[in-house]
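Novice: Everything below, folded, please.
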Amino acid sequence: MKESIILLDACQEIIDLKLVAGTWGNVSLRLENGNILITPSGIPYDAIKEEDLVLCDRYGNVVEGNLLPSSELKMHVSIYASRKDVNAIVHTHSLYASIASAIFDEVPLLVEDVAMVIGGRIKVTSYKYPGTQELADEVVKGLGDRMAAIIANHGQVAVCPTMEDALLAAQMCEKAAQMYVIASQYPKVNALPDEDIRSLYDKYVKSYKKLRDLK
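Specialist: Numbers count the residues shown, from 1 in each chain. This next block holds a predicted model:
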């Protein structure tokens, strides 16, 4: 199915972008019927084949697949249940987002391109044990209506209507974290105002993104 190709391409993309190391992190798509196609647990991204992907229903029950789904399946299920606008999720343990996850309560946005993609300050969740429903609930709360959140002492999650946009949001989340980790070492940091962030995001969605999608 075409969704399998999209997911496998995303696995290669997060390697190329250096957003993952080892087997940590996970990627998923919501299909038209509400089922969830997700990467398996414990398989290196460059070794995942189409037959390794796991198909689950919207509640997280395995429908097809010989391997265990990602250990963060509960998080994916909970995000899809709470966000009707989300059809793709990229969860990585990228370096600067992981650093920020242990330092900050939120990451202010410093530049316009990040604001256009993420749509608001990036919240850092409260710490919860990985793979649990408690973590899933914290991530849903941390995301709100934005396109990325940082998971305390863990990593980041990016969400969007398409996998292309979710990968972009993951890159921008990492960029925002890197910039703020560096900038916070200085006595003054000029973050974008919240109202300008939302205006920039709306402009991107209503104008720039539509122009891009026409290509």
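
Novice: who are the neighbours in contact with the residue nearest the centre of the chain?
Specialist: Centre of the chain computed as the mean C-alpha position; nearest residue by CA atoms, centre = their mean is A158, 1.7 Å away. When the contact criterion is CB atoms under 8 Å, 6 or more residues apart in numbering, the partners of A158 are I89, V90, H91, T92, M147, A148, A166, L167, A169, A170, M172, C173. For the C-beta atoms, the positions are set from N, CA and C on the backbone; glycine is no exception.

Novice: Look at it and give its secondary structure.
Specialist: Three-state assignment for A158 (DSSP: H, G, I helix; E, B strand; the rest coil): strand.

Novice: Can you tell me how far it is from I150?
Specialist: 10 Å (CB to CB, to the nearest Å).

Novice: Please read off the pLDDT at the residue nearest to the centre of the chain from the model.
Specialist: A158 is assigned 98 on the pLDDT scale.

Novice: circling back to that earlier point, need the overlap of contacts for A158 and I150.
Specialist: With contacts defined as CB under 8 Å, 6+ apart, the residues adjacent to both A158 and I150 are C173.

Novice: Strands along this structure, start to end?
Specialist: 26-30, 36-38, 54-56, 62-64, 88-92, 106-107, 122-123, 148-151, 155-160 (DSSP state E).

Novice: any idea which of those is most buried?
Specialist: Here the criterion is mean neighbour count by mean count of other CB atoms under 10 Å, and of the strands of the chain the winner is strand 148-151, at a mean of 29.

Novice: average pLDDT across it?
Specialist: Strand 148-151 comes out at a mean pLDDT of 98.

Novice: and for that strand, what are the contacting residues?
Specialist: With contacts defined as CB under 8 Å, 6+ apart, strand 148-151 is touched by 97, 100-101, 104, 107, 118, 122-125, 135, 138-139, 142-143, 156-159, 169-170, 172-173, 177.

Novice: Equivalent analysis for stretch 170-182, please.
Specialist: Contacts with stretch 170-182, where a contact means CB under 8 Å, 6+ apart, come from 14, 17, 19, 90, 92, 94-97, 99-100, 103-104, 107-111, 113-114, 117-118, 122, 148, 150, 156, 158, 189.

Novice: Please state the offset of the top helix by length along the chain from the chain centre?
Specialist: Ranked by residue count, the top helix of the chain under DSSP state H comes out as helix 163-183. Taking CA atoms, centre = their mean, to the nearest Å, one finds the center of helix 163-183 at 10 Å from the center of the full chain.

Novice: Ok, stretch 62-72 next?
Specialist: 19 Å.

Novice: likewise stretch 69-89?
Specialist: The chain centroid and the centroid of stretch 69-89 are separated by 10 Å, computed with CA atoms, centre = their mean.
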